[in-house]
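Participant: From the sequence below, what's the structure:
(2 chains)
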Amino acid sequence: MKPEAFHPLARLLHWLMAVLIVAMLFIGVSMVSDLSLRHPLLIELHKATGLALLVLVLLRIALRLTLPHPSLPRDLPTLQRLAAGASHLVLYALMLAMPLLGWAMLSAGGYPRPLQLPAIAPHDLQLYAVLRQAHGWAGYLLFATVVLHLGAALMHALVRRDGVLRSMWPGPLRRSD
Amino acid sequence: MNSPLYGPAKALRLAAIGAVMLAAGVGFAYAAGWIGAAKLTPQRIIDTFEAQAGHYPGYRKNHAKGLCVSGYFQASGQAASLSTARVFSQARVPVIGRFAIGGANPYAPDTAIPVRSLALQLSSDDGQVWRTGMNNPPVLAVSTPQAFYEQVLASTPDPATGKPDPARQQAFFAAHPESAAFRQWAASYKPSNSFASTQYHSINAFRLIDAAGAAQPVRWQLEPQTAFTALPGQVDDKLFLQHDLQQRLAQGPLRWTLRLVLAEPGDAVDDPASPWPAQRRSVDAGTLVLEQVDAAEQGACRDLNFDPLILPHGIEASADPILAARSAAYSESFNRRSRESLGTGARP
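Facilitator: Purely as a prediction, here's the structure:
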């Protein structure tokens, strides 16, 4: 039997990570063009939050694979069903890839890592160039996917008026009518 | 469950959802600086360096011409009470360094540029890394990134002479009285005939953190143990300083004393243009010993960004705005030359 809503732990993780990821995307894109005293603070915050998000996404993938989760509405057209599946795969892949790319690019650039984490890539300038650019482009793609995800959630809630947004609602759930 | 919407009600809600998504995109573009008022960015500073000196793929975008060196730092132990950084107590800390001359042109004659620099990475046995980029002037001419940018613009070479316009530089200095200490240094500066007999300064202030967590504002300098000899009036060798360094290191190691100069209350801790009084207490933190030099633009220093904010536990940044801007601009330079090494294979 599929539940009507996500497990409270899955919902807590979703909203916690949503706040952190949106904050990270804005911090990341603004810090690279900033040379004020905010710059070093934002860099430190970006690295620390990135590490926290890596731990959270591993936990989240484990929960996604073990806890039962609600199905999409039965009347959802096939195309939208496919789009939903694909966009969630992209979101999970990018949530995992972003912190790993960040860690790997610091390693390849010969930079110290937070908490003196070991290097996960060899110190190599050309590899750094590839990883640094991949981190940036993956960030833009993640932002675009998050905006689509937001639009789709609002479509479900305001236009289709089905139970999809409610299944991930952060507060207590109303009885469905 | 409510039934789906159709008609004008649906259109209105679709438009509202579109507006929310658009607003998110506009906010992101604003945060990125793609829209809104143009501000001074690390990209603009590096663009300006390249516009003035030329585009040299694969090279650092400032202090482009240099040599990698290596050796070690021998702590005296005298700074250990001021900072918990392991470098001040460890007997022998491995060092990678880079001597360079100022400017973005990697082919400039060594002795045509008054600014000389020494960048170091000290890697202590607790896994901590300290990078510091030091210059021969003890102060900068400016206190803020904006004024630094204006100084760079005022030094734009005149296409007719290939040299900065003196009138424009005069006007800049007149508009920036904070440059007095720098101008005084420049007027009295006697270049030595070697990187080895040059003194290098951290310029920006930092904070030493002791075991109790107390902070002591500090600037540091590397005082040469090699005797001063003036640079000859006429030098034909464009690699004069590099050749000199190679010859000296072939004969034996070169040494500097790392001196920590301690600020007192009221000293300008966050202003790199403002010198501290000469009688400030200082501590001999140890001896830098350089033993090896690599071939031009080869060696371990080449693929490092000597970001002055890469600091070990026990040393922290001051609130000097130039220090933050240096970190941001060095990162942009490092990113660009790494990309250039991909496209053209260009690695100096």
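Participant: going forward, measure contacts between C-alpha atoms and count neighbours the same way
Facilitator: Will do.
Participant: ok, then the element right after the host helix or strand of residue A:55?
Facilitator: Here residue A:55, judged by DSSP states H and E, is contained in helix A:38-66. Downstream of helix A:38-66, the first helix or strand assigned by DSSP H and E is helix A:78-108.
Participant: Tell me where the model's unsure across the chain.
Facilitator: Picked chain A for this. Chain A contains residues with pLDDT under 70 at A:1, A:173-177.
Participant: that's the other chain; I wanted chain B
Facilitator: For chain B, the stretches with pLDDT under 70 are B:1-2, B:344-348.
Participant: still on that earlier bit, buried ones in the helix holding residue A:55, by neighbour count?
Facilitator: A:39-40, A:42-43, A:46-47, A:49-51, A:53-54, A:56-57, A:60, A:63 (16 or more other Cα atoms under 10 Å in any protein chain shown).
Participant: Quick check: phi and psi at the closest residue to chain A within the stretch 201-348 of chain B.
Facilitator: Relative to chain A, the nearest point of the stretch 201-348 of chain B is residue B:325 (4.5 Å; Cα to the nearest Cα). Torsion angles at residue B:325 (phi, psi; degrees, to the nearest 10) stand at phi -70, psi -40.
Participant: middle-most residue in chain A, spatially?
Facilitator: When Cα atoms, centre = their mean is applied to chain A, the residue found nearest the centroid is residue A:95 (3.9 Å).
Participant: any idea how far that residue is from residue A:134?
Facilitator: Using Cα to Cα, to the nearest Å, residue A:95 is found at 14 Å from residue A:134.
Participant: is the longest helix anywhere in chain B anywhere near chain A?
Facilitator: The residue-count maximum for a helix in chain B (DSSP state H) belongs to helix B:7-32. Yes - Helix B:7-32 lies within reach of chain A by Cα under 8 Å from any Cα of the partner chain, at B:10, B:13-14, B:17-18, B:20-21, B:24-25, B:28, B:31-32.
Participant: Show me which parts of that helix are buried, residue by residue.
Facilitator: The neighbour-count check on helix B:7-32 (16+ other Cα under 10 Å) flags B:10, B:13-14, B:17, B:20-21, B:24, B:28-32 as buried.
Participant: Likewise for stretch B:118-137?
Facilitator: Neighbour-count burial for stretch B:118-137 flags B:118-124, B:128-137 (criterion: 16+ other Cα under 10 Å).
Participant: Return the subset of those residues lying in strands.
Facilitator: Cross-referencing the buried residues of stretch B:118-137 against strands under DSSP state E gives B:118-123, B:129-135.
Participant: Can you tell me which residues in chain A are near chain B?
Facilitator: Residues of chain A lying close to chain B (Cα under 8 Å from any Cα) are A:26, A:29-30, A:32-40, A:109-112, A:116, A:124-126, A:128-130, A:132, A:147-148, A:150-151, A:154-155, A:158-163, A:176-177.
Participant: Would you write a ChimeraX line that selects the buried entries of the residues you listed?
Facilitator: A single ChimeraX command is used to select the members of the residues of chain A next to chain B judged buried by 16+ other Cα under 10 Å:
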select /A:26,29,30,32,33,34,35,36,37,39,40,109,110,111,112,124,125,126,128,129,130,132,147,150,151,154,155,158,159,160,161,162,163
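Participant: Inside strands: which ones of the residues of chain A next to chain B?
Facilitator: When DSSP E is applied, the residues of chain A next to chain B are split such that none fall in strands.
Participant: distance between stretch B:190-206 and the chain's centre?
Facilitator: 13 Å (Cα atoms, centre = their mean, to the nearest Å).
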